[in-house]
Structure formats: structure tokens, C-alpha cells
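1. what would the 3D arrangement of this be:
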Amino acid sequence: MVNYSDSIVALVPALVAIVLAIVTRKVVISLGVGILIGALLLHRFNPIDTAVYLGKNIFSLFWADGALNEWNVLLLVFLLLLGVLSTLIQTSGGAHAFGEWATTHVKTARGARLAAFGLGILIFIDDYFNSLAVGNVSRPLTDRRGVSRAKLAYIIDSTAAPVCVISPLSSWGAFIISIIAGILTTHSITDYSAFSAFMMIVPLNFYAIFALLLTLYIAYTGIAVGPMRTHELRALQGELFDANKGTPMGMAEEVKEHDGGKVRDLVVPIVVLVIATVTALLWTGAQALAADGRSFTLIGAFEATDVTRSLVSGVVISLVVAFLMMIGRKIPARDYRISIWAGMKSMWPAVVILLFAWTIIAVIGDMKTGDYLASFVSKSIPASYLPFLLFLIASIMAFSTGTSWGTFGIMLPIGADLIMAVDPSLLLPTLAAVLAGSVFGDHCSPISDTTILSSTGAGSHHIDHVTTQLPYALIGAAVSAIGYLILGVTGSSVFGFIGALITFVIFVVMLHVLSRRGEVPSQLRSE
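-> From the prediction side, this is the model:
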């Protein structure tokens, strides 16, 4: 294969896929074109080598290193089973009952938005789980209160990753802590532990913090900026439909909702899903620690846990509970079959997009896109600019590759090496900038799996979610970029605290500007 690590050609497949997806709104076709172009470039447009390469990549999605690719396969199984759980709740009448209950207890669109935001904060264990669980619980409520699916997708996406990246008890936190531990060992840093370093980085992760604060502000005020206003107005008129298909996204129109459903038919399976998944995360983590001869710790368990096995275990247990709750309801076997099939069909678009997204991520990796972007940084750059520059580079890398975790793995060690060579006192601000940039880039990328799952959970058209979320994300990113410039100059001492405070003041000013420039649909002004 051709090595493009020192050529701008490394950006071509990612840029083609992203631009086509935004222009054509055909995500699968756009990803397919990006994959094909990348494969051809890697093999000098040799059709046979290209076909063999693509075949191996597609096969490796399911079978790799002589064994089942459990991460991918189990995640797809989880998606399909979650779709089944959603339609079973619909069949039981639980979704309808919850909607009736919500009509009585949550009387405004503001209340519906804040409820979705609160759920996004509470479910901090894993972003995949967060995106899908919060979407399935919140969608009946937001639909009834005239909140657009695009606004719900924004709330879900803007709480999922930002919460996970600052929580040490999440799969993200454990992954980041493990990378930090390696960095500290490499540079012989013993002043603090990896966990302590992570906790000190949290208040410096400007994008995650500002994204959460901005989402709370938007949920409370209902301000609509850019394309979001169109979707909000349509939702107020009852138009909750996918523009391409003409049917409600994430819903199965052929599923029959039976009478006699109770709120508990929705709440109990979801609560069981949360409890069972968290328990499975701790159980698989404890097993991994025991296999390595290590004693159990909460952080250690989350670091070593098997996320996809835990997700599947949680949804299977929840499905069993949902079935048991429906016993005695005199629901025909045919309705069960229809519900199960419809549930899997409702998740099929997300499954296909994920398969294509994983394939293009592999192609982008072979194109050395990350190495090319990282090469922009050199040791000749003044240390005070490194947090800012690394934030920008991590943003571009995550946007282009569609993966924040992959960007963490590449850019955290690179950033640490660079800053340790010029100004070790800026290590933590630099790592924070990389984490923030990675989340921002992944947050906005149309080929990101978390972006895909957020739109799936909300039942929103995927590209609608990408385009409506972007203005809000850019506000958080702009303030964060200014913050890292200030932080680089002031350092991580007392002056660093002053720099963070100045950044927060800038954020408040941005909110004031947003409140004057943004619009709240007139029907929502009386909330």
C-alpha cells in the first residue's frame, strides 16, 4: 500500500465522504464513495488489489485475527435487540401510557427538553448506551410537546460524549486514564497518579463543560439557531417525519399498540436495562481484573470492562423482563412476531451506516490521515500555543476520522511528548486540549458512530442532526479555542485559574449574543 503520511492526499477519502454526505444527504452512498476512493489511492488504482483489500476489510468487521470480532458483532446485536425492546414497549402500550402520563406531569416543551437533558446527565456510563437509551425514553415525551427530533438529537449528542469524557466511572474515563497512566510512566512522572491527573484535567476540558452548559441553556430557553428553527417550527405543526421516507424515524408503523398499557411497561424495562448494564460492566471488569491477578477497584473495573458484552447482557435481561410483564395480556403471537421484526428493521439503517463508517475508518487509518494531521505540529512552535494548536488538530483529526477514541490514542501521547520537550508545566492543559478537540471533532462528524447513534436514538434524519447541531457545537468550540490560547499563556498555576475564569466570562457573553440573535418559535414563548 502507498504511504500518504506526508501527503495532503491522506485527507481525500475523509473529505469526500463528509462533503458528499452533507451535500447529497445520502450517508451510505457518500461513505461508499469515500471508501472506494481511499482503497483505489492505497493501491495505485489497481482494481484487483483494491477488491481484495476491500474484501478483507469487510470480512474483518466480523472476523479478525482468527476469531469473531466481538466488539463489532456484539454492538450490532445490541442495536438490533434495543430496537426490539423499543417496539415491544410500543406493543405493550407502555409508550402510549408514558405519553399520557407525561401530558399530565410535563406540561411544556421546556420540561420535555430538560427531562431529556437530565437523563443524558444521569446515564454517564457509556455514550452508546446513553444515546440510545435516552432517545428511546425521551422521544415519546418530546414528540407530544412539539420538540423536534433534531433538537432531541442535539440534546442527546451534547450530553452523551461530554458527560462520558469527564466522568472517571465511564468507559471513556477508564480508557483515558489508562492512556494517561502510560504517559506518566513514559515520562517518569510520579507527582500524581493517572486518576489524579484525569480529575485535574476535568475542569480544563473546556469543550465538554461548555457543551453541557450550552445544552442546558438551549434546553431551558428553547432558542433555535440556523436550520434548527425550521425543524422546531415543523415539530410544532406535528411534522415528526423523515423527509426521505415519509414515516416516523425510529418508529415502526405496523406495530399495534395494545390497550391496557401502564407507565411501568416502559419505565421498568428501561430501569432494568440501566441496572443490568451497569452491573454487567462491573462484573466483566471484575472478571478481567481477577484474570490479571489484580484486586477489585471501581475505577479498575470500568477500565477493564467489556463494554459490548455488558450492553448485550443488559438488553437481553431487559427484554426478558419486558416479555414477562406482557404475560397474561392476551397479545396474539402474531403481534409479537411483527413487533420483533419491526424492531430489528427500525435499527437496520443505523447498522448499515455503522458498517460503512467502520470501513472508512479503517481506510482512513491506512491512509495515515492522523499521522499527516499530527505532522503539522513541530517542536519549533512556542509552548504557549501548543494547547490551542493541539485542540485544533485533534478537532480536525476526529472530524475527519469519525473517532474520538482513535484521536485520543494518537494525539494524547504526541501532545505529551511535544509539551514535555518544551514546557512540562503545561502537560495537563495540553492533554485537556487534546481531549476537548477530539470530542468536538467527533461531535460534529457525520461519519462518527456516536453521531449516528444519537440521531438513531432520537429518530432524527442523520444529516438533519449533523447540520442543526453544528452551529451550537461551533459556539462551544470557539470559546474553548480562546480558552486554550489564554491557558497556554497563563499556564496551569493561579494565573491558569484566572485564564479559565476569563474564558467562562467570554462564554457568558456568547450566551448573551446568542439570546439576542437566536430565535424562540412564537408558540413556545409562553412556556
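
2. which residues does residue 72 contact?
-> Listed by Cβ atoms under 8 Å, 6 or more residues apart in numbering, the contact set of residue 72 reads 61-62, 358. Every residue, glycine included, has its C-beta placed from N, CA and C.

3. excluding its backbone neighbours, what's nearest residue 2?
-> Residue nearest to residue 2 in three dimensions, not counting chain neighbours: residue 42, with 5.7 Å by Cβ to Cβ, 6 or more residues apart in numbering.

4. give the contact list for that neighbour.
-> Shown here is residue 42, whose contacts under the criterion Cβ under 8 Å, 6+ apart are 1-2, 50, 53, 363, 366-367.

5. so which of the residues you listed wins on neighbours?
-> Of those, residue 367 is surrounded by the most neighbours, 30 neighbours in total, counting by other Cβ atoms under 10 Å.

6. can you pull the phi/psi pair for that residue?
-> Comment: the main-chain dihedrals of residue 367 come out as phi -80, psi -10, following degrees, to the nearest 10.

7. for the residue lying closest to it once chain neighbours are set aside, grab the count of nearby residues.
-> Nearest residue to residue 367 in three dimensions, chain neighbours excluded: residue 10, at 4.8 Å (Cβ to Cβ, 6+ apart). In terms of burial, residue 10 registers 24 neighbours under the definition other Cβ under 10 Å.

8. in stretch 320-334, what counts as buried?
-> For stretch 320-334, the neighbour count (16 or more other Cβ atoms under 10 Å) marks 321-322, 325-326, 331 as buried.

9. can you flag which of the residues you listed belong to helices?
-> Judged by DSSP state H, the subset of the buried residues of stretch 320-334 located in helices is 321-322, 325-326.

10. which residues of this structure fall in strands?
-> Chain-ordered strands for the chain, with DSSP state E as the definition, fall at 63-64, 67-68.

11. so in that sheet, which strands flank the last one, and in what orientation?
-> It stands for strand 67-68. Partner strands and pairing direction for strand 67-68 (DSSP bridges) are strand 63-64 (antiparallel).

12. give me the contact list for the strand it pairs with.
-> Contacts of strand 63-64 from elsewhere in the structure, counted by Cβ under 8 Å, 6+ apart, are residue 69.

13. go again with 10 Å.
-> Strand 63-64 is contacted by residues 56, 69-73 when judged by Cβ atoms under 10 Å, 6 or more residues apart in numbering.

14. looking at those residues, which one is closest to residue 182?
-> Distances from the contacts of strand 63-64 to residue 182 were compared by Cβ to Cβ; the smallest belongs to residue 71, at 20.9 Å.

15. now the contacts of strand 63-64 in TSV, with distance to residue 400?
-> Converted to TSV, the contacts of strand 63-64 look like this (distance: Cβ to Cβ, whole Å):
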residue	distance to residue 400
56	23
69	24
70	27
71	22
72	21
73	26
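
16. looking at those, which has the most residues close by?
-> Of those, with other Cβ under 10 Å as the count, residue 72 tops at 18 neighbours.

17. got a PyMOL select line for the buried ones in the contacts of residue 72?
-> Taking 16+ other Cβ under 10 Å as the burial criterion, the selection of buried members of the contacts of residue 72 in PyMOL is written as:
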select buried, resi 61+358
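
18. out of the contacts of residue 72, the closest to residue 312 would be?
-> Closest to residue 312 out of the contacts of residue 72 is residue 62 (15.5 Å), distances taken as Cβ to Cβ.

19. quick one: mean pLDDT for stretch 392-401?
-> Average pLDDT, stretch 392-401: 86.

20. give the contact list for the residue nearest to residue 367.
-> Contacts here follow Cβ under 10 Å, 6+ apart; on that basis residue 10 touches 3-4, 38, 41, 364, 366-373, 375, 400.

21. over to residue 326?
-> For residue 326, counting by Cβ under 10 Å, 6+ apart, the contacting residues are 88-89, 91-94, 258, 261, 265, 335-336, 339.

22. what about the stretch 1-150 of the chain, any weak spots by pLDDT?
-> 22, 25, 27, 99, 103, 124-126, 129 (pLDDT under 70).

23. just the helices in it please.
-> Secondary structure of the stretch 1-150 of the chain, counting by DSSP state H, counting those that start in this stretch: helices at 12-24, 27-42, 47-60, 70-92, 94-105, 109-122, 127-144, 149-165.

24. got these as JSON lines, with distance to residue 172 columns?
-> Converted to JSON lines, the helices of the stretch 1-150 of the chain look like this (distance: least, Cβ to Cβ, whole Å):
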{"stretch": "helix 12-24", "distance to residue 172": "23"}
{"stretch": "helix 27-42", "distance to residue 172": "24"}
{"stretch": "helix 47-60", "distance to residue 172": "25"}
{"stretch": "helix 70-92", "distance to residue 172": "15"}
{"stretch": "helix 94-105", "distance to residue 172": "29"}
{"stretch": "helix 109-122", "distance to residue 172": "14"}
{"stretch": "helix 127-144", "distance to residue 172": "7"}
{"stretch": "helix 149-165", "distance to residue 172": "4"}
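
25. looking at those, which is buried most?
-> Each of these was scored by mean neighbour count; the highest is helix 149-165, a mean of 29, by mean count of other Cβ atoms under 10 Å.

26. any idea how far that one is from the chain center?
-> 7 Å (Cα atoms, centre = their mean, to the nearest Å).

27. residues contacting the spatially most central residue of the chain?
-> A centroid search over the chain (Cα atoms, centre = their mean) returns residue 450, at 3.0 Å, as the residue closest to the centre. With contact taken as Cβ under 10 Å, 6+ apart, residue 450 is in contact with 127-128, 130-131, 156-157, 160-161, 164, 402-405, 439, 442-443.
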